[in-house]
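> Fold the following for me, if possible:
(2 chains)
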There are 2 protein chains.
Amino acid sequence: MASFLQDNQDRFLTELVDWLRIPSVSADPKFHNDILKAAEYLKARLEEVGLENVELCQTAGNPIVYGEKIVDPSLPTVLVYGHYDVQPADPLELWTSGPFEPVIKDEKIYARGACDDKGQVYMHVKAFEVMMQHGGLPCNVKVMVEGEEEIGSNNLGIFVRENKEKLKADVILISDTGMIANDTPSIEVGLRGLSYHEVEVTGPNRDLHSGLYGGAVANPINVLCKMIASLHDENNHITIPGFYDKVDVLSDADRAELNRVPHSDEEFKQSIGLPATYGEEGYTTVERIGIRPTLDVNGIWGGYTGEGAKTVIASKAFAKISMRLVPHQTSEEITALFQQHFASIAPAGVTVQVRPHHGGEPVVTPTDSVAYQAAAKAIETTYGKKPVPTRGGGSIPIVAMFKSELGIDTVLLGFGLDSDAIHSPNEHFGVFNFLKGIETIPLFYQNYAQDFNK
Amino acid sequence: MASFLQDNQDRFLTELVDWLRIPSVSADPKFHNDILKAAEYLKARLEEVGLENVELCQTAGNPIVYGEKIVDPSLPTVLVYGHYDVQPADPLELWTSGPFEPVIKDEKIYARGACDDKGQVYMHVKAFEVMMQHGGLPCNVKVMVEGEEEIGSNNLGIFVRENKEKLKADVILISDTGMIANDTPSIEVGLRGLSYHEVEVTGPNRDLHSGLYGGAVANPINVLCKMIASLHDENNHITIPGFYDKVDVLSDADRAELNRVPHSDEEFKQSIGLPATYGEEGYTTVERIGIRPTLDVNGIWGGYTGEGAKTVIASKAFAKISMRLVPHQTSEEITALFQQHFASIAPAGVTVQVRPHHGGEPVVTPTDSVAYQAAAKAIETTYGKKPVPTRGGGSIPIVAMFKSELGIDTVLLGFGLDSDAIHSPNEHFGVFNFLKGIETIPLFYQNYAQDFNK
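Numbering: from 1, shown residues only, chains lettered A, B, ... in the order given. Sure thing, here's the model as predicted:
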């Protein structure tokens, strides 16, 4: 198997690069044809490696690529989930090579989607090929790769509810997360949820001259800044009433355990060029990311943003504001709390609209399951070290949905690194990580099939 | 004279429209050729009406159009100032007709620059024609029209300092302001100064995923909002230390006098679609605009501003922030105070840059001068009402500069209205106002020449 990997790694990379070349950005309708091309490309590759009943399942939005290989109904079934859509690539000017002109440089594949999630999905495709060429799959597999993860997976929930029989499985396997480092393998066991909003503050009915009106009208940008500023207090606690009501208070022992994860604030600061860490008073960096909810402005705009000086008071100001949620907070509750609170803090003289985008639920996955142990053992074999269980700050909303709709737990077998710059310019994925994934995944199947009925 | 005006008004409008068609936006280098075209157009029109020594005076930036007509050196001299450059036209999508495709609709000329300041400059050009056709100019005139007013008049000061003899005059006449209403004529006697800055807040060295990093790094947009919010206290006083130190405290009598200006908060709110006025506690709307300094954000941007949701923590956030100044504040002092204060309130974990744009000094012009009285009398004749002296909120920085460099006072003979939407989409200028200007200006010259040596 090792030599097969060795002999074929260039081809595996070339196939991935061809897929990455398709700009499957789901947030922007102008890429709709590329979304379809990316789905078709994946369908063809899944058929090539021997999956059956491969199809594009139509939804109200982008199609879901589905395929399966039922070896023996008495064997356990693994449902692999991933997504073929990618984040928008802007700001384009900060990319050192085109986001959709993949290049391999310094042992890394640079492209939008290289890690999140096309690169990680493609490890599974090639892992199937490896297994097929070496005695076949040790258990049944179903694959479901969607095209709307980056815009909230709105149609996936409907698809899952309507196809419970088709999707029946014993465990869900997802590679859409990362590890601490290549010499410190880890498995994420906790994910934060998400509540995402676009807010619009309207003052005067048109842009005004700041000299003729300045001082006597509510300036929507100043007001928006004031409203956003008030969402955190001086200790960086979030001030939305009821926001923390359902947040788990971890015991000192649990917090100590959590902080045992290898982490250096010095390295953390250096990796992102910051002179100081920042965040909620009373918590460590690991806790701030792993177990505490947050509120961040993801974008803001209003008024004159061109060259030079324009003395205008804008009619409107906008922001995109999202909150990361932790277990027991629900996106529905937090979305309602945010909407209510944000409208309530608007001063007289402006009107406020809050438009919720997609949400997602926080989740903690079990570590005592056969599947988790199978993954941990596989990683220990290929990395030579037992993986550390971690609680990451990201959100994969569908993990909670799979649990509630299908009753199935997930294992987050991710091979990315925090430094991969996903969602940022110059996203990349290590060639080492890509190949390590293809090497590790077949071992997961072996371990899982072996231990399932023990 | 009345019939001449009547007979030629269509031609006057056509000539103005032709000039407005040239997009002389000074803030954006891509319009540089149009700047030159607009200057040449004006030069030709000034020659046509009989001015002499008309020339484009080169500067380090855009040329200054100069012309003169010395009737008799023993007569007084009026120096007319204006500008042929215009504000940027964006947001373009809010214009109901093209900003540089002028249309006359409902007795108004719609175009960028229709009022500010091409339309008002062109009243003077046509007033010269009227006087030339009716016995000639009653005194000497010099005309100086610059092309950098909207970007800070940086080269005008140099030009003025180097041409003191050429520009020698007894009064400066400027039409770049407005009146209260067409049935409530007024003359501005006070203008606010300006201090304008672009600020940049930098957090992490690249855009980050808000899930993987959110809560543990300073988000530059949140930080910028907090910094901006802190610039006003709960009474909407500006919090920059020393900001109010030199601001005049008006006596109760002066304040009462000032508030005698016709003004209705109800109409004010209605005209700009606001449910409530807003501003510094303890002051009326007229005071907030006329005698109090202000701080407004004119633009803000950062992070993801496209369609849909992107969960990113931006590396940088930006804002354009300007302050309107009142007498005894200087733009140099306030600029230094702002820079120092804004840098000082940045939290650990971000770096801040403050880039000052142009500034301008506040000014109060005399009402007991021959020139002011000549203007007031002219308006009384054409409008049938004595004009009210007002203190406007806008800034014409060069008024203070003319006083300090040339020792000459200014009369602000403006014919615009606040509702003309200057600096906004759908800028316009009333045909009534344009023609009223052409009718009033010759009377000013008559009155001024008559009363000068009394």
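
> Where is the longest helix in chain A?
Longest helix of chain A, by residue count under DSSP state H: helix A:431-451.

> right, is that one up against chain B?
No. With C-beta under 8 Å from any C-beta of the partner chain as the measure, helix A:431-451 is seen stopping short of chain B, the closest distance being 15.7 Å. Every residue, glycine included, has its C-beta placed from N, CA and C.

> Count the neighbours of residue A:165 for me.
6 (other C-beta atoms under 10 Å in any protein chain shown).

> Need the three-state assignment for it.
Here residue A:165 is recorded as coil under DSSP: H, G, I helix; E, B strand; the rest coil.

> What distance do you get for it to residue A:312?
Distance check for residue A:165 against residue A:312: by C-beta to C-beta, to the nearest Å, it reads 59 Å.

> got the contact list for residue A:177?
Applying C-beta atoms under 8 Å, 6 or more residues apart in numbering or on different chains, we find residue A:177 in contact with A:188, A:191, A:392, A:394, A:396, A:412, A:414, A:416.

> Nearest residue to it in space, please, no chain neighbours.
Nearest residue to residue A:177, sequence neighbours excluded (C-beta to C-beta, 6 or more residues apart in numbering or on different chains): residue A:414, at 3.1 Å.

> where's that neighbour relative to residue B:182, distance?
As for residue A:414, its distance to residue B:182 is 69 Å (criterion: C-beta to C-beta).

> what's the answer for residue A:148, then?
57 Å.

> more neighbours, these two?
More crowded of residue A:148 and residue B:182, by other C-beta under 10 Å: residue A:148, with 23 against 13.

> wait, that one sits on residue A:39?
No. At 11.1 Å, residue A:148 does not count as touching residue A:39 under the criterion of C-beta atoms under 8 Å.

> Residues that sit against both of the two, list them.
residue A:62.

> could you show me where the helices are in chain A, in order?
Under DSSP H, chain A gives helices at A:2-20, A:32-48, A:118-133, A:154-162, A:210-213, A:220-229, A:252-258, A:265-271, A:285-290, A:331-344, A:370-383, A:398-406, A:431-451.

> Most distant residue from the centre of chain A?
For chain A, the C-alpha farthest from the mean C-alpha position belongs to residue A:212; by C-alpha atoms, centre = their mean, that distance is 47.2 Å.

> Quick check, that one in contact with residue B:392.
Yes. When contacts are counted by C-beta under 8 Å, residue A:212 is listed as touching residue B:392 (6.9 Å).

> what's the overlap in contacts for those two?
Joint contacts of residue A:212 and residue B:392 (C-beta under 8 Å, 6+ apart) are B:178, B:289.

> if I look at residue A:60, how far off is residue A:198?
In this view, residue A:60 and residue A:198 are 21 Å apart by C-beta to C-beta.

> now do residue A:303
Distance of residue A:303 to residue A:198, computed by C-beta to C-beta: 17 Å.

> and if you look at residue A:400?
Distance from residue A:400 to residue A:198, by C-beta to C-beta: 23 Å.

> What pLDDT is listed against residue A:357?
With respect to pLDDT, residue A:357 scores 89.

> export the contacts of residue A:177 to a markdown table and tack on neighbour count and pLDDT?
Formatted as a markdown table, the contacts of residue A:177 follow (neighbours: other C-beta atoms under 10 Å in any protein chain shown; pLDDT from 0 to 100):
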| residue | neighbour count | pLDDT |
| --- | --- | --- |
| A:188 | 29 | 91 |
| A:191 | 31 | 85 |
| A:392 | 23 | 73 |
| A:394 | 26 | 73 |
| A:396 | 29 | 78 |
| A:412 | 27 | 95 |
| A:414 | 24 | 96 |
| A:416 | 26 | 96 |
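
> The residue nearest to residue A:177 reaches residue A:188, doesn't it?
Yes. Counting by C-beta under 8 Å, residue A:188 is a contact partner of residue A:414 at 6.3 Å.
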